[in-house]
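*Asks:* Predicted coordinates and the sequence they were generated for:
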Amino acid sequence: MDHIQLECGLSGETREAYTKDLERLAEYLLRHNKLIPLEDVTRNDLIDFLAEGKKKGLKPATLRRRLVTLNVFFRFLHQEKWLPHNITDSMESPRVRRVLPDLLSQEDVENLLHAPSLKTKHGQRDRAILELMYASGLRVSELTSLKIDDLDLDAKVLKCFGKGRKQRLVPMGETARDRLIDYLNQTRPLFQPATNERTIFLARGGGPLNRKTIWVMIRKHALAAGIHAKVSPHTLRHSFATHLLANGAPLRIIQEMLGHADISTTQIYTHVDADRLKRLHQNFHPRA
């Protein structure tokens, strides 16, 4: 549920609907003595589960959403290496509608980045996190697992491991690099990490931050910055890609920086604002 809300950008309402669908699946498996290790659940079990819902009079729209829930859930389990394969791959399903988070303007991003107070260790840490997320477009899961050894501060690049443990190099820019240097040298030791702790961003007890904490942190600073839209870690990733595109970056380059295997996934970030459309029209249309 954290994955679909924090990393896929789906709404709280969708999270609630998916939760109910999976609860119904668990109840069905339990009633049919099928609540066994998930790797033993078969495609036919899922088809029978959907058929039972149809017999009970569920609306077609509800059944379609339930099928999407199953597809997203089992795909996630496979991607996280909890299942050897995705049994829903061969099931006919509608394309999952990607719900994008609200896009922040460049002014909103500036206000958000300056919201944390640099007078406290938590504010210094949060500022470094926000700068790095906007500068690099990292997924929140990639950020929380980032290690000191993954940084090349001289070259201003970092190494991260995305979905399927695929490695990529991502530029971080000078501002984020400077904030990281300050954090690593001055702030991180204040969290009193264990000697062998190599994770960059730490929680109060000196261990790694989790995704939920970062979501709450970003929301807090967004409100302090006067931003009332729903802001999540994915919002910064979306803003990173959209602002790059709006300033002329090729889509293929953005695809590589985001770690998308298929460029069709990157194309969901190709929203442009009305002012840019007007400029393009004025520059290129003969009747403008």
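*Replies:* Looks like it came in fine.

*Asks:* how about stretch 59-75: buried residues?
*Replies:* Buried residues in stretch 59-75, counted by 16 or more other Cβ atoms under 10 Å: 65-75. (C-beta placed from N, C-alpha, C; glycine too.)

*Asks:* Likewise for stretch 171-187?
*Replies:* Of the residues in stretch 171-187, those buried (16+ other Cβ under 10 Å) are 172, 176-177, 179-180, 183, 187.

*Asks:* ditto for stretch 207-227
*Replies:* Those would be 208-209, 211, 214-215, 217-219, 221-222, 225, 227, for stretch 207-227 by 16+ other Cβ under 10 Å.

*Asks:* What is the burial count for I254?
*Replies:* 21 (other Cβ atoms under 10 Å).

*Asks:* Same check on L158?
*Replies:* 26.

*Asks:* In this structure it contacts I148, no?
*Replies:* No - using Cβ atoms under 8 Å, L158 is not in contact with I148, being 10.4 Å away.

*Asks:* For the buried residues of stretch 59-75, give me CSV that also has distance to R168.
*Replies:* Shown next, in CSV, are these (distance: Cβ to Cβ, whole Å):
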residue, distance to R168
R65, 33
R66, 34
L67, 32
V68, 28
T69, 30
L70, 30
N71, 26
V72, 24
F73, 26
F74, 25
R75, 21
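
*Asks:* between these, which is nearest E52?
*Replies:* R66 (10.7 Å; Cβ to Cβ).

*Asks:* ok, for that closest one, nearest residue in space, not its chain neighbours?
*Replies:* In this structure, R66 finds its nearest non-sequential neighbour in D21, 4.9 Å apart by Cβ to Cβ, 6 or more residues apart in numbering.

*Asks:* check contacts around that neighbour.
*Replies:* Contacts for D21 (Cβ atoms under 8 Å, 6 or more residues apart in numbering) come out as 65-66, 69-70.

*Asks:* can you give me the helices for this protein?
*Replies:* Counting by DSSP state H, one finds helices in the chain at the ranges 2, 12-31, 43-55, 60-79, 106-113, 121-136, 140-144, 173-182, 211-224, 233-246, 251-258, 263-266, 274-284.

*Asks:* Redo the ones you listed as JSON lines? Include distance to L202.
*Replies:* Below are the helices of the chain laid out as JSON lines (distance: least, Cβ to Cβ, whole Å):
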{"stretch": "helix 2", "distance to L202": "19"}
{"stretch": "helix 12-31", "distance to L202": "27"}
{"stretch": "helix 43-55", "distance to L202": "41"}
{"stretch": "helix 60-79", "distance to L202": "26"}
{"stretch": "helix 106-113", "distance to L202": "20"}
{"stretch": "helix 121-136", "distance to L202": "7"}
{"stretch": "helix 140-144", "distance to L202": "10"}
{"stretch": "helix 173-182", "distance to L202": "13"}
{"stretch": "helix 211-224", "distance to L202": "11"}
{"stretch": "helix 233-246", "distance to L202": "17"}
{"stretch": "helix 251-258", "distance to L202": "26"}
{"stretch": "helix 263-266", "distance to L202": "31"}
{"stretch": "helix 274-284", "distance to L202": "40"}
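
*Asks:* Indicate which one of those is closest to A203.
*Replies:* Evaluated over those, closeness to A203 peaks at helix 211-224, with 6.4 Å, by Cβ to Cβ.

*Asks:* Show me what that closest one is packed against.
*Replies:* Secondary-structure packing of helix 211-224 (3 or more Cβ pairs under 8 Å, 6 or more residues apart in numbering; DSSP states H and E): helix 2, helix 106-113, helix 121-136, helix 140-144, helix 233-246.

*Asks:* quick one: average confidence on stretch 82-91?
*Replies:* Mean pLDDT, stretch 82-91: 80.

*Asks:* ugh, wrong one, stretch 201-220
*Replies:* Stretch 201-220 shows a mean pLDDT of 93.

*Asks:* any idea how far it is from the chain center?
*Replies:* 15 Å (Cα atoms, centre = their mean, to the nearest Å).

*Asks:* What is the end-to-end distance of that stretch?
*Replies:* 18 Å (Cα to Cα, to the nearest Å).

*Asks:* show me where pLDDT drops low in the stretch 151-288 of the chain?
*Replies:* Scanning the stretch 151-288 of the chain for pLDDT under 70 picks out the ranges 163-165, 261-281, 285, 288.

*Asks:* With pLDDT and distance to R204 as added columns, please give the buried residues of stretch 59-75 in TSV.
*Replies:* Putting the buried residues of stretch 59-75 into TSV (pLDDT from 0 to 100; distance: Cβ to Cβ, whole Å) gives the following:
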residue	pLDDT	distance to R204
R65	89	39
R66	91	40
L67	90	42
V68	88	38
T69	91	35
L70	91	38
N71	88	38
V72	88	33
F73	91	32
F74	90	35
R75	86	34
